[in-house]
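need a 3D model of the sequence below.
(one chain, ligands or ions: 1)
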Amino acid sequence: MHILLLCSAFNGLSQRFFVELVDAGHQVTVEVFTGDEALEQRLEASRPDIIIAPFLKRAIPERVWQDYRCFILHPGIVGDRGPSSLDWAILEGWHEWGVTLLEANAVMDAGDIWATRTFPLPPMAKSQIYRHQVTDAAVACLRELIARLQRGQQHGDPLDYARATTRGRERAALPMSARILDWQCDPTDLLLRKIRASDSLPGAPAQLAGVPVRVFNAWLAEAEVASQRGRAGEIFARDGDALCVATLDGALWVGHLRRSDNHATAQVKLPAAVALRDELAARSSLPLLDAQHSNKPRLEIRGRVAILHFPLLNGAFTVHDSQRLTTLFTRAAAERNVDAIVLAGGDDFWSNGIELNSIHVAENPAEEGWASINAIDDFAEAILTCRGKLVVSAVNANAGAGGAMLMLAADRVFMRAGVVINPHYKTMGLHGSEFWTLTLPWRADAEAAVALSENCLPVSARQAAALGLVDSVLDVSREAFLETVVSQISALIAPAALPDTLKAKARAQEEMRDGRPLDEYRREELGRMRGNFFADDLHFSSRRTAFVMKQPPCKTPEHLQRHNAAVAASMAEEQRDKSEAEV
Ligand code: COA
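Residues are numbered from 1 along each chain as shown. From the prediction side, this is the model:
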C-alpha cells in the first residue's frame, strides 16, 4: 500500500509508525500538516491508498476525509475525546489508560474504531508514558488496522456510549489553571500529578525563589530528605542541578525548569539550579544532598560486568555529563575484576548527543558547543581505546545524532526490537563527530553510510541490523532487555571464552582503523565541527534555535520532501514496468 503519514510534527511516534510500515513493505510518505491548501495540493500530486495520522493536533479537512480513508491515532481509551487525553488521565489518577485508532469523520475523535489497546498507567511523566506505553499500544493498533484492511474489511466498529466497555467521554482541553502548583494548598501527590500531567508540555506553572517558572521532571524526595524541609514552596537542598522543594506534607526534587519572566534564559528548559543560578547565588548556600533518582550517570558492578547507566533527561549530554561518563568509564576499564562494560543509556533515550539547550543559553554558544563536542569525543575515544575488556552498547531506547554514533564505538551493539535511531547530524547543521567517519563506514558499507547521513531518515532496529550497525536485535520487553544482554555476554566473557573474545576484539579494532591513527579521525571531524560552531557554515545556529525554542515547522522538512519524491519516482517506475509487462 501507499500510506501517507500525516502529522503535526514527525515526532517519535510518527517515526516509529514510519519504520514499522517500511519494514512491512509499504510505500510510506510523510506530510507535516501546516494548512488545508498545502495538504490538498500534495494529495493532488500523489494519491495515497490511505492516510494515517499518528500525531495530529488539528482536524483533517472534510474534503480530504471524504476522498481518502483517514485513520487517526487517539491517545485515549474508547469514547475519550479531546486534546488533553493523557493529561486528564494522569491528573485524575486513572490506573489504566489506552489508545484508540479510529477513522476520521465529521466529529473529531468520534469515528469508527478499528483497533484499541489498554495498559496500566504508571506514575510517570506524560512524555515518558507517550514514548513507552502509548507508542507500544499504538503500534499494536497499527498492525491490527493494516491486517484488517488487508483482509478487505470495510468498516470499523461505531462508537457507542451505551456500551459498558466505552469508559471514556468528551473532555475539554485541560485548562492552565488546573496545572498551577499551589505550594500552600496542594498535597505532594497532587503536585506530582500536576507536574507529570504537564511534562514535557506545557510544564506546570509555579513560583520558585520568587520567579515565575514552569516545572518539569520532578520526583518524590526520600522521607529522610523531606524531614529537613522548611516552609512549603521553599527550596531547601540541592543535588547537582536538581533542587529540593518543601511541600505541605513532604518534599519534591525538581530536575528542570523553564523561566517565564524576562530573564535571558526564559523559555528554555534547563536544569533547575542552572535556571535559578542568579537567585541561588544571592542566598546562603544550600545543603548538598545525594538524591536517589536524579538523572546522574552511575556505574553498577554486577559480577564481572560493569554497567554504565546514563539516564540523562532527553538523552542529552552536557560537558559535565560527558566528563563524568568518561571518568566512570575509565574507572570501569581499570577495574581488574571486570571483563565487560555495558553502556546502558537511559530508559527514555539511549543518547541524543550533546545538550543543545545549555549551548543555546550559554554566553558564547560556539565555545559551549565546542566544549561539549570535545567532551563527548573524549568519552567516545575512551570507549574506542579500551583494551582488555569487551565493551557493549545495550540500546533499550531511541538514540539520535551523536548518541546514535556513540553506540557504534562499542565492540558489540545489542538493540531492543522497537527502538528507532536517527544516525545523522545534517538536520541540525553539524558535520558530526564521535568518530562516526570511522565507525559508520566500518559497520555499514561506505555507500550505505553516505545514504544514512544524507537522507536523515529514522531507522528501525531491524534495518539497523540489516545494515550492520547492530549485531543483535532482541525482541524482549523493555524491562527484560538489560538482563538479557548481560546474560548473553556472560558466554563471551566466561573464563574459557574470554581470551578468544578479546583476541577478536583486538583484531576488529586493528582492521577498523586500517593503519590510520584515531587522532586523525578526531582532528578531521573536529576541524569541520569548528566551522559549524564558529563560522556557522551549515546554519547550526538557526537550526538549533528552531529546535530549542520549539518553532513549529512551516512546511514538510526538505529531507522528507526528498524522500517523498523518491518514493513517488519508484512507484511510477514500478507502474511503468507493470504496464509494459501487460502489453
Ligand atoms: N539536546 C537537548 N534536548 C534534546 C536533545 C538534545 N540533543 N535531543 C532531544 N532533546 C529534547 C527535545 O527538545 C524534546 O524536549 P521536550 O520534551 O522538552 O519537548 C525531547 O528531548 C524529546 O525530543 P523530540 O525531538 O521530541 O523526540 P523525537 O523522538 O521526536 O526525535 C530526535 C528524536 C533525536 C530525532 C530529535 O530529538 C533530535 O533531532 N534531537 C537533536 C539531536 C542532535 O542534533 N544532537 C546534537 C548533535 S550530537
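
which one is S8 nearest to, not counting chain neighbours?
K57 (4.4 Å; CB to CB, 6 or more residues apart in numbering). C-beta: built from backbone N, CA, C; applies to glycine.

wouldn't that neighbour be in contact with P83 here?
Yes - here K57 reaches P83: they are 7.1 Å apart, a contact under CB atoms under 8 Å.

in the stretch 1-150 of the chain, which spans are strands?
Ranges of strands in the stretch 1-150 of the chain, per DSSP state E, counting those that start in this stretch, are 2-7, 27-32, 50-55, 69-74, 96-103, 113-120.

who does the third one pair with, and is each partner parallel or antiparallel?
Sheet pairing for strand 50-55, assigned by DSSP bridges, gives strand 2-7 (parallel), strand 69-74 (parallel).

and for the second one?
Strand 27-32 has its sheet partners listed here by DSSP bridges as strand 2-7 (parallel).

identify the residues contacting the partner strand?
14, 17-18, 21, 26-33, 39, 43, 46-56, 60, 70, 567, 571 (CB atoms under 8 Å, 6 or more residues apart in numbering).

what comes up buried for it?
By neighbour count with 16 or more other CB atoms under 10 Å, strand 2-7 contains the buried residues 3-7.

could you do stretch 279-299 as well?
Within stretch 279-299, the residues that count as buried by 16+ other CB under 10 Å are 279-280, 289, 291, 294-297, 299.

what lies in contact with it?
In this structure, residues lying in contact with stretch 279-299 by CB under 8 Å, 6+ apart are 209-211, 217, 219, 221-222, 225, 228, 235-240, 242-244, 253, 255, 273, 306-313, 321, 324-325, 328, 331-332, 346.

what does stretch 74-87 give?
Under CB under 8 Å, 6+ apart, the answer for stretch 74-87 is 57, 88-89, 96-102, 108-110, 113, 116, 118, 126, 129-130, 134, 138, 159, 161, 165-174, 197-198.

in the protein, which helix has the most residues?
Looking across the chain with DSSP state H, the single longest helix is helix 558-582.

now do the SS call for the closest residue to the ligand within the stretch 101-250 of the chain.
Here the stretch 101-250 of the chain gets closest to the ligand at one residue, S200, 3.0 Å apart by CB to the nearest ligand atom. When classified by DSSP: H, G, I helix; E, B strand; the rest coil, S200 comes out as coil.

one more: R331?
helix.

what sits against the nearest residue in space to G79 that is not next to it in sequence?
Distances taken as CB to CB, 6+ apart place G168 nearest to G79, at 3.4 Å, with adjacent residues excluded. Taking CB under 8 Å, 6+ apart as the criterion, G168 is in contact with 76-81.

show me which of these are buried.
Of the contacts of G168, these count as buried by 16+ other CB under 10 Å: 76-81.

would CSV of these with distance to the ligand be doable?
Listed next are those as CSV, based on distance: CB to the nearest ligand atom, whole Å:
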residue, distance to the ligand
G76, 20
I77, 24
V78, 27
G79, 28
D80, 23
R81, 24
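
dump these into TSV; add pLDDT as well.
Listed next are the buried ones among the contacts of G168 as TSV, based on pLDDT from 0 to 100:
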residue	pLDDT
G76	98
I77	98
V78	97
G79	97
D80	97
R81	96
